[in-house]
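K.L.:
this is a predicted model, with the sequence first.
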Amino acid sequence: MDGQVQVSSWPDVDFQTLSLDDLWQLHVLSAQAFSIMRNRDMKNFEQVMKFLDTTHRLLPRLVPAIKHMKIQFGLKTMIIMWMLKEGRGMVHIVSKIVQFFPNKLPQYEDQCSQREMFLMRKNHADFQSLAQTLAINKEKLEDYIKNEMEEQYGERYAQKVEDRLVDYLHELEKGFPGDSYIEKIMKKQSAETEEDKFLLEVLSPDSSAVRKLLHCGKMQLMN
């Protein structure tokens, strides 16, 4: 799709060490998460998931935990369905299913109600069962791709996940000091300042723009 962010566009960031002091990097990563989701760039969805886990760690009360869980669940299911449709190897797919859908979700235990946890565990178990069956049984997979995949996990499903992600990113941007970069990116048609130019370039396939954002002097851009 036009404007798709390539794998190389993702900056080399250690998500484990990011903090709220790294505001400029968080703004850039937020913009890229939006771009990757908008362009259905499945190969980079796991980077978006890492970013979401990082922001949840930094701002655990930004949104109700169940909303964060639903976005992550949506991204994970889309990745697995994409892998199935692409014909990735069975071992690789099953391994990814086990990684994405564990029986326990300790990071949310003290932030969600018992009912919310029950429903999310059930969703995990139900999807895990379906995906593993499809990964193992080629005939069932072919039938599912032909008759059900688009209806259940196609563009309408993807749009719902995108809407939830955009809502989350808006809340995230409002939680940062200064103006909302996501809103700027979504509304601007042309660059009025050097900073605006950089923001628009984040959504282009030119990876050098992102590297420039992360390595140029922050004070130069803010002055």
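P.N.:
Here it is on my side, so go on.

K.L.:
quick check: which ranges of the chain have low pLDDT?
P.N.:
1-12, 176-223 (pLDDT under 70).

K.L.:
and the gap between residue 20 and residue 56?
P.N.:
Here the criterion is Cβ to Cβ, to the nearest Å. By it, residue 20 lies 13 Å from residue 56. Glycine gets a C-beta too; all of them are placed from N, C-alpha and C.

K.L.:
ditto for residue 72
P.N.:
With Cβ to Cβ as the criterion, residue 72 and residue 56 are 9 Å apart.

K.L.:
next up, the contacts around the residue nearest in space to the middle of the chain.
P.N.:
Nearest residue to the geometric centre of the chain (Cα atoms, centre = their mean): residue 48, 3.2 Å. By Cβ atoms under 8 Å, 6 or more residues apart in numbering, the residues touching residue 48 are 33, 36-37, 75, 165.

K.L.:
do that again at 7 Å, thanks
P.N.:
Neighbouring residues of residue 48 by Cβ atoms under 7 Å, 6 or more residues apart in numbering: 33, 36-37, 75.

K.L.:
just the residues you listed: which are in helices?
P.N.:
Secondary structure from DSSP state H places 33, 36-37, 75 of the contacts of residue 48 in helices.

K.L.:
how about these in JSON lines, adding neighbour count and distance to residue 86?
P.N.:
Putting the ones in helices among the contacts of residue 48 into JSON lines (neighbours: other Cβ atoms under 10 Å; distance: Cβ to Cβ, whole Å) gives the following:
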{"residue": "33", "neighbour count": "26", "distance to residue 86": "22"}
{"residue": "36", "neighbour count": "24", "distance to residue 86": "17"}
{"residue": "37", "neighbour count": "24", "distance to residue 86": "19"}
{"residue": "75", "neighbour count": "23", "distance to residue 86": "16"}
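
K.L.:
format these as a markdown table; extra columns: distance to residue 82.
P.N.:
Shown next, in a markdown table, are the ones in helices among the contacts of residue 48 (distance: Cβ to Cβ, whole Å):
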| residue | distance to residue 82 |
| --- | --- |
| 33 | 17 |
| 36 | 13 |
| 37 | 13 |
| 75 | 11 |
